[in-house]
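what follows is a protein structure lacking sequence information:
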C-alpha cells in the first residue's frame, strides 16, 4: 500500500520547510499530489546528497517521516499497526538502510508531539493521549492513573483519564493492592502480559468483570525517578507487544511526565500567589484595626477559604498556656457542617502536644489516631474526619522567645484529607500573621487596662494618705475595687499567722446580695493555706470543681452561695497581715488584667492594714519575746538531754567493746602460755585451735565493727550484679552443713523451681543469709530443726523476694525482741546458755538490708523463732 499526498497545502509547506532547513538546497523538484511521501523523501535526498552532510540528511529524513505519520493520523489510519513498518521500509529503499535506522528514533520521538495538541490543561492532554494510543495500538482500554499514597487505608490509584471501548471517562479510585498497577509501582519498570492477565491477578474485580487478557503498563516517572502514575494498555484478546510499541509507549510516558511536571509547577506558582494574596490581606486587616475580635473573625474565614476546609476554629491561649473561655472562640464553618461553638472537642492529647511542643500536628484520619476519642459526643457532632492543628506563635517582646498566643484547628469533614506540605506551609505562614495580630491587640488592650488600673490604685493611694482612720480607708478600698471589677462581694480581713485567724474588717456587696455570716476565718482550711503559701492571687473559676479546696471549704463557700473567688494575701514587707478577696455568686473566669488589678490594690491595702495593726503588734511584741525565750529554753534543755544520752551511749560502747576485745586476747594469751609449758602433741593441737578460734573471733569482731561503721556512714559501696539465687543459697547452706551435723540439727531448704536471675549485691546477700543461719544454729538445741524458705511475692509496692529463717528452740522474750537489733545486745537466752557471739551479727544484717532497700522482721513464741527478710525483686531480663 502506498500513501499519497492529496493536500497541496501540506505539500507546499513541506517544500518550504525543506528549503528553509538546508541553505543552498535546490527546490527545483516539483511535488505533485500523485507523488508518495517516500518519493518526496527520495527526491529530496537525491538532490541533497551531493550538497548536504549526513547529519542534515538524517534530520530531513526524520522530519519527512514525522509529517508522513501526521498525514496518516489525519486520515484515521493507524501508523503503528498498518503503516509504520511500511514507512520505514520505504525510507530504507529511498535513503539507504543506515540513514533510515538513524531516523527511526526521531520518527518515534516526534509522534507524541505531532499527535497531541499541547497547550491545554493536563487533563486535556491525557484525554488526547488515551485517544491517540487507543487508535495506534487498537486496544479496548487505555488508562492514565495517578498514585494516591494512603498509609491508613493503603495506596490507591486515581483515574485521570480512560478510553474504554471508544468512550472517554474520568475520575474514580481503585485499590492498588493485587492489581497489575502494583507490579509497575513496585518495580518502576514496564510490565507486560500477553494473555493470562486474569489468572495472574484473580482478586482484581475490574479485570475479571471486563474479561481483560492482555496488558502493557508503563510507569510515569518524576525527574527524580519516582513513580507518580501509570499508563495502561489493556485488551480482551491475547496480544503480544512489539519492541517498537514499547519504545513508542515510553516516549508517550516521557511526554506525559513532562506535562505533569509543568502542571505541578503551575499549581505551585498559583498556590504561592494565593498564599501571598492571603497573607497580604490578613496583614492589611491587622494594620487597619486594633480590635482583636474583628481581625480574627476575618482571618479565620480567609484561612478556611484558602485551605478549602469545612471548618476552621481559632482559640486564644492565655497565661500558663491555658485555653481561653468561649468568649475567645472564632469559627468559620461551611454548609452543611454543624457549628461546634457550643460543643467544641478540645482534641485532648493533641492540644496538649501542641501546647507542650509548640509545633504543627497534621492528622489525616482522626479515627486512626490513638490520641483522639473519636467516639465522644463532641466528635460525633462535629463529624470531623481530618484535623490540622496549628500553634499561633510570635516573639515575646522581653526575651525574644517563642510565645504561644493561640491555636488554629482546621477540620475536614466530607472526607479523609492528607495534608500536603503546601497546606502546612500556608497554615504556618498565616498563623504567624495571626499571632502578630493577637500580640498587637493584646498589648493595646493591656495598655488600656493598665491605665484604668493605675487610676484605681492612685485613687486608693490618695485615700490612704488623706486619712488617719484605717477602717475608713479599708471601707473605701472595698467599695472602689468591688465596683470597678463588677463583683458581687469584696472583703478585707486582717490578721496574722501568729493569730491563726483573719477577721473581716471591711466589706462591700452588690445591692441585693447577702454578706457571708462568718466574720472570722481560721488558717486551718485549704483555701487560706493556699493563699499563705502563694505570693500571687489565687483564682477559682468554679468552687464546685475546685480540686484544690477541701470538702469542708467547698461546703462553706456553697453555704454562702459563692461560686467563684479571686483572693490574695496582703504582705507588708515579708509579713502577711491580711486577706483581700473578690467573690461571685456565679461561676466566673478571672481575666489576667483583673488579677493584676487585685495584686496592685493588695500592695496598697497591705500598707493600710499595717497602719491598723502597728499598735497591736507593739503590744504583742513582749508576749512574743517571752514565747521565744521559752521555746529557746526548751530547745536548750532538749539539746542537753540529747547530749547526756549520747554520752551514756558512748560510755556503754567503750565498756562493751573493751570487754569484747579483751576477752579473746586473754584466751589467746593463756593458750600461748600453755603451749610453752605443755609439749604433748594432743594438747598443743588443742591450744593451737583455741588460738585460731579466738583470733578469728577477734577478726570477725573488728570486721563487723568496720562494716557497721561504713554502713552507718553510708560509705559502703553496693555492687549490683546478676545473681543465681538458687546456686548461691545451695553454696551457703553446704558450707554450714558440717556445723549442723555436728549438733545433729535437721536443716531443710525450700524454694520455688526455676528462680529467676536477680540484681543485687552478692557479698551483702550472702552475708545476710550466712549470719541468719549461723544465728539460728547457735540458738537451736541439739537435735532441733532449722529451715530456710524462699518465696516470691507481689505487694502494693511491687514484686519482692522473701527469705524466712525458722528454728526450733525456747524462743525470744518480748523484752529481748525490742532490742535484738541493738549493737552488742545479747538476749537472756544467750547469756543463760553461754552462746558465743559479739552482739553485732543481727545489727549488721539490718544495716546490710537497709543498704539493699530491704527490711527484716522477727517473730517468736515458745518453740519457734522466725526471721523474715524482704528484698525488692529486680529480675534480670532474659
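Noted; the coordinates are in hand. Remember, it's a predicted structure, so these values are computed and weren't measured experimentally. Numbering: from 1, shown residues only.

okay, now the domains of this structure?
8-115, 122-260, 289-432, 467-606, 718-872 (automatic domain parsing).

adding mean neighbour count, distance to residue 282 and mean pLDDT, write the ones you listed out as JSON lines.
Just so you know, the C-beta spots here come from the backbone N, C-alpha and C atoms, and that holds for glycine as well. As requested, the domains of the chain are arranged in JSON lines below (neighbours: other CB atoms under 10 Å; distance: least, CB to CB, whole Å; pLDDT from 0 to 100):
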{"stretch": "domain 8-115", "mean neighbour count": "17", "distance to residue 282": "44", "mean pLDDT": "48"}
{"stretch": "domain 122-260", "mean neighbour count": "17", "distance to residue 282": "31", "mean pLDDT": "86"}
{"stretch": "domain 289-432", "mean neighbour count": "17", "distance to residue 282": "5", "mean pLDDT": "82"}
{"stretch": "domain 467-606", "mean neighbour count": "18", "distance to residue 282": "26", "mean pLDDT": "83"}
{"stretch": "domain 718-872", "mean neighbour count": "16", "distance to residue 282": "56", "mean pLDDT": "85"}
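
so for residue 685, which of those domains sits nearest?
With CB to CB as the criterion, residue 685 lies closest to domain 718-872 of those, at 17.7 Å.

got the end-to-end distance for the closest one?
In domain 718-872, first residue to last residue: 15 Å (CA to CA, to the nearest Å).

which other helices and strands does the helix or strand residue 507 falls within contact?
Applying DSSP states H and E as the criterion places residue 507 in strand 501-509. Judged by 3 or more CB pairs under 8 Å, 6 or more residues apart in numbering; DSSP states H and E, the packing partners of strand 501-509 are helix 470-485, strand 489-496, strand 520-522, strand 575-584.

report the mean per-residue pLDDT for stretch 440-452.
Confidence for stretch 440-452, expressed as mean pLDDT, is 78.

look at residue 262 and say how many residues are nearby.
By other CB atoms under 10 Å, the residues close to residue 262 number 13.

what's downstream of the host helix or strand of it, the next helix or strand?
If you go by DSSP H and E, residue 262 is part of helix 243-288. Once the chain leaves helix 243-288, the next helix or strand it forms, by DSSP H and E, is helix 292-307.

quick check: next helix or strand after that next one?
strand 311-316.

before we move on, back to that, so which of the helices and strands packed on strand 501-509 gets nearest residue 241?
strand 575-584 (82.2 Å).

ok, that closest one: who's next to it in the sheet?
strand 489-496 (antiparallel), strand 564-572 (antiparallel) (DSSP bridges).

quick one, which of those is nearest to residue 128?
The minimum distance between residue 128 and the strands paired with strand 575-584 falls on strand 564-572, with 70.6 Å, by CB to CB.

distance check, the closest residue in space to residue 328 that isn't next to it in sequence against residue 133.
Spatially, and ignoring its direct neighbours in sequence, residue 328 is nearest to residue 316 (4.0 Å; CB to CB, 6 or more residues apart in numbering). To residue 133, residue 316 is 57 Å away according to CB to CB, to the nearest Å.

do residue 546 as well
Distance from residue 546 to residue 133, by CB to CB: 73 Å.

ok, now residue 433?
Residue 433 is 48 Å from residue 133, by CB to CB.

equivalent analysis for residue 208, please.
24 Å.

just give me the residue right at the centre of this protein.
residue 353 (6.4 Å; CA atoms, centre = their mean).

so that residue is in contact with residue 363, correct?
No: at 10.8 Å, residue 353 does not count as touching residue 363 under the criterion of CB atoms under 8 Å.

quick one: the strands in the stretch 651-800 of the chain?
720-723, 746-750, 758-761, 785-795, 798-809 (DSSP state E, counting those that start in this stretch).

got a list of what residue 456 touches?
By CB atoms under 8 Å, 6 or more residues apart in numbering, the contact list for residue 456 reads 480-481, 484, 597, 600-601.

which SS class is it?
Using DSSP: H, G, I helix; E, B strand; the rest coil, the structure places residue 456 in helix.

hmm, back to that, can I get the helices and strands packed on strand 501-509 in a markdown table including distance to residue 204?
Shown next, in a markdown table, are the helices and strands packed on strand 501-509 (distance: least, CB to CB, whole Å):
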| stretch | distance to residue 204 |
| --- | --- |
| helix 470-485 | 72 |
| strand 489-496 | 76 |
| strand 520-522 | 79 |
| strand 575-584 | 68 |
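
mind checking those for the one nearest to residue 167?
Of those, nearest to residue 167 by CB to CB is strand 575-584, at 71.8 Å.
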